[in-house]
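Colleague: sequence isn't available, so here's the structure alone:
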């Protein structure tokens, strides 16, 4: 599965830095996956790129590594630096059981 995700100015204004479930990227993913009850975006383990994890009731967990654009956005946003709206492709790399 592959979806184009748009992070808007509204996502940026309402997002919270250093909060994996309320960052602008998580908010944008929530629009694309409205039935999700948990969306987590951040760094996991020793991975150099951030990961998005989406839990939807009665479905396998969706896991995707995010690209370098999303990584740079997260670092800047979490450090309180200026960020702009952007688009990125969300591609599910792995599906695991909840």
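Modeller: Received it, and whenever you're ready, just let me know what you need. Not measured: the values here are computed from a predicted model. Residues are numbered from 1 along each chain as shown.

Colleague: my guess is residue 54 contacts residue 37. True?
Modeller: No - if you go by CB atoms under 8 Å, residue 54 and residue 37 don't touch, sitting 9.3 Å apart. All C-beta spots, glycine's among them, are computed from the backbone N, C-alpha and C.

Colleague: more neighbours: which of these two?
Modeller: Using other CB atoms under 10 Å as the criterion, residue 54 and residue 37 rank with residue 54 on top: 24 against 9.

Colleague: please report phi then psi for that one.
Modeller: In this entry, residue 54 is assigned phi and psi values of phi -130, psi 120 (degrees, to the nearest 10).

Colleague: quickly find the element holding residue 13.
Modeller: helix 9-14 (DSSP states H and E).

Colleague: swap in residue 16?
Modeller: Using DSSP H and E, no helix or strand contains residue 16.

Colleague: ok, back up a step: which elements pack onto the helix or strand that the helix holding residue 13 is followed by?
Modeller: Counting by DSSP H and E, the next helix or strand C-terminal to helix 9-14 is helix 24-32. Identification of packing neighbours for helix 24-32 by 3 or more CB pairs under 8 Å, 6 or more residues apart in numbering; DSSP states H and E yields strand 2-7, helix 9-14, strand 36-42, strand 51-56, helix 68-78.

Colleague: would you point out the helix or strand in this protein whose mean pLDDT is lowest?
Modeller: strand 94-96 (a mean of 49; mean pLDDT, DSSP states H and E).
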